[in-house]
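>>> Based on what follows, work out the 3D shape:
(one chain, ligands or ions: 1)
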Amino acid sequence: MTVTVGVLGATGAVGQRLVEHLDPHPQFEIAALTASESSAGSTYRAAAKWRTGTPIPEDVAEMTVTRTAPSAVPDDVDLLFSSLPSAVGAEVEPAFCEAGYVVSSNSSNERMAPDVPLVVPEVNAEHLDLLEVQRDERGWDGALVKNPNCSTITFVPTLAALSDLDLERVHVATLQAVSGAGYDGVTSMEILDNAVPHIGGEEEKLETESRKLLGTFDGAEIVEDSVEVAASCNRIPTLDGHLENVWIESAEPVSIEEVTTKMTEYPSLPLHSSPDQLITVFDEPDRPQPRLDRGRGDGMSISVGGFKESPFGVQYNCLAHNTIRGAAGASLLNGELLLDRGYL
Ligand code: NAP
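Sure, this is the predicted structure:
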């Protein structure tokens, strides 16, 4: 079955990654590309200023970009991937859902809304059934599914692998790539020869989204996990790939061997964009590194290494490609899950 899809915010950093991964895709075919009023009416080639490092897909390049409104998207589009700035997403995504479209979105608006599934398929696929509650409450024919923030996606699968260790506290410090701020997000004068120890709103996202993702769906609502997370977020001059230092504290002592075995054995899913091995464990103390490891599993793997005992438990480093696993690939995977679970 081929599903007709569209990309909202198709010209941006994440939108381009979505287009790159959708062409070709065995289940999805692009039929609509939207952006701001200033791009509407242009060809995708002219509007996008393609920057992914792979050639622009030729059959998509000549499509006309439309404005971002339900009336500008064909009715026969079944699924929309949204990579809009969150203020724009907050305004237009509900209108698309009301008009009957299913939206798999990257934007941060409504991630923590009680009736919006926040999903990483390998971690909490069962949360997708919250859509029944959403449809009852909002009266939508369409639906809204979110993936978390790129830094949250990087470390939460490693915590999910340790779910039976009864984690009490997690500390995480991030070293985030500039692409995470979008193409116009950080100027070269701000970031070259520098590190910025603040990313507005980011720490709160890691601290709250992780508890929702690791929570359980009881048929009516998501009961958040009790783990306490403290985050510190830093921007550094890498292009792609968020590296994170993680310290875990559990009720009972845990060994490094126990932790690495659980991460190695943590299963992936048989979805097209899910990697064969979700978490790659390195023995080397100086891995993973953004330049060397962000492309693993076509950018969809999580890499971990640098395991060390700490006075509180175990510490390690983890890494994921922020615009692929942390954004475009995450939305795409949620789209594949929606199809697999019969929501399209
Ligand atoms: P971006 O590069 O700035 O792209 C924004 C996109 O939205 C462009 O296509 C832009 O179109 C469009 N847009 C802007 N204003 C609009 C408006 N008023 N109406 C309709 N379309 C509008 O941003 P990005 O980095 O791709 O991020 C997109 C979203 O994903 C954000 O919510 C971000 O927080 C989230 N996210 C990003 C990352 C990452 O690693 N970059 C990771 C996770 C989540 P024009 O080209 O016409 O301006």
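>>> Report the separation between whichever residue of the chain sits closest to the ligand and Val116.
Nearest residue of the chain to the ligand (CB to the nearest ligand atom) works out as Gly12 at 1.9 Å. The way it works is simple: take the backbone N, C-alpha and C, and place the C-beta from them, glycine included. Separation of Gly12 from Val116 (CB to CB, to the nearest Å): 22 Å.
>>> With Leu206 instead?
18 Å.
>>> Kindly report the same for Val227.
Using CB to CB, we find Val227 at a distance of 21 Å from Val116.
>>> near the ligand, which residues of the stretch 151-300 of the chain show up?
For the stretch 151-300 of the chain, the residues in contact with the ligand (CB under 6 Å from any ligand atom) are Ser179, Gly180, Gly182, Tyr183.
>>> Three-state assignment for the second one, please.
In other words, Gly180. Classification of Gly180 by DSSP: H, G, I helix; E, B strand; the rest coil places it in helix.
>>> which residue packs closest to it, ignoring adjacent ones?
Asn322 (4.8 Å; CB to CB, 6 or more residues apart in numbering).
>>> Equivalent analysis for His272, please.
If the residues on either side of it in the chain are set aside, His272 comes closest to Glu336, at 5.5 Å by CB to CB, 6+ apart.
>>> for Asp283, same thing?
Nearest residue to Asp283, sequence neighbours excluded (CB to CB, 6+ apart): Gly305, at 7.2 Å.
>>> That neighbour and Gln289 touch, don't they?
No: using CB atoms under 8 Å, Gly305 is not in contact with Gln289, being 9.0 Å away.
>>> Compare those two (neighbour count), which wins?
Legend: neighbour count by other CB atoms under 10 Å for Gly305 and Gln289, higher for Gly305 (20 against 17).
>>> So Thr174 lies in a strand, does it not?
Yes: counting by three-state DSSP, Thr174 is found in a strand.
>>> who's in contact with it?
Residues near Thr174 by CB atoms under 8 Å, 6 or more residues apart in numbering: 151, 154, 199, 202, 206, 231-234, 242-245.
>>> change it to 10 Å
150-152, 154-155, 180, 199, 202-203, 206, 231-236, 242-246, 318 (CB atoms under 10 Å, 6 or more residues apart in numbering).
>>> picking that back up, mind putting the residues of the stretch 151-300 of the chain next to the ligand into a markdown table with neighbour count?
Output for those, formatted as a markdown table (neighbours: other CB atoms under 10 Å):
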| residue | neighbour count |
| --- | --- |
| Ser179 | 24 |
| Gly180 | 26 |
| Gly182 | 15 |
| Tyr183 | 13 |
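>>> Now the residue lying closest to Ser268 once chain neighbours are set aside: phi and psi?
Nearest residue to Ser268 in three dimensions, chain neighbours excluded: Leu278, at 4.3 Å (CB to CB, 6+ apart). Per-residue torsions, Leu278: phi -70, psi -50 (degrees, to the nearest 10).
>>> Could you do His127 as well?
Dihedral angles (degrees, to the nearest 10) for His127: phi -70, psi -20.
>>> what's near enough to touch it?
116-121, 145, 212-213, 215-217, 222.
>>> Leu339 too?
Met1, Val3, Gln27, Phe28, Asp78, Leu79, Val102, Leu271, His272.
>>> show me where the stretch 51-200 of the chain has helices.
For the stretch 51-200 of the chain, applying DSSP state H, counting those that start in this stretch gives helices covering 58-61, 86-98, 121-124, 130-138, 150-160, 188-191.
>>> Just send those helices back as a markdown table, with distance to Leu167 and mean neighbour count too.
Formatted as a markdown table, the helices of the stretch 51-200 of the chain follow (distance: least, CB to CB, whole Å; neighbours: other CB atoms under 10 Å):
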| stretch | distance to Leu167 | mean neighbour count |
| --- | --- | --- |
| helix 58-61 | 43 | 14 |
| helix 86-98 | 29 | 18 |
| helix 121-124 | 14 | 22 |
| helix 130-138 | 23 | 17 |
| helix 150-160 | 6 | 26 |
| helix 188-191 | 33 | 12 |
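>>> Mind putting these into JSON lines with mean pLDDT?
Below are those laid out as JSON lines (pLDDT from 0 to 100):
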{"stretch": "helix 58-61", "mean pLDDT": "95"}
{"stretch": "helix 86-98", "mean pLDDT": "98"}
{"stretch": "helix 121-124", "mean pLDDT": "98"}
{"stretch": "helix 130-138", "mean pLDDT": "97"}
{"stretch": "helix 150-160", "mean pLDDT": "98"}
{"stretch": "helix 188-191", "mean pLDDT": "97"}
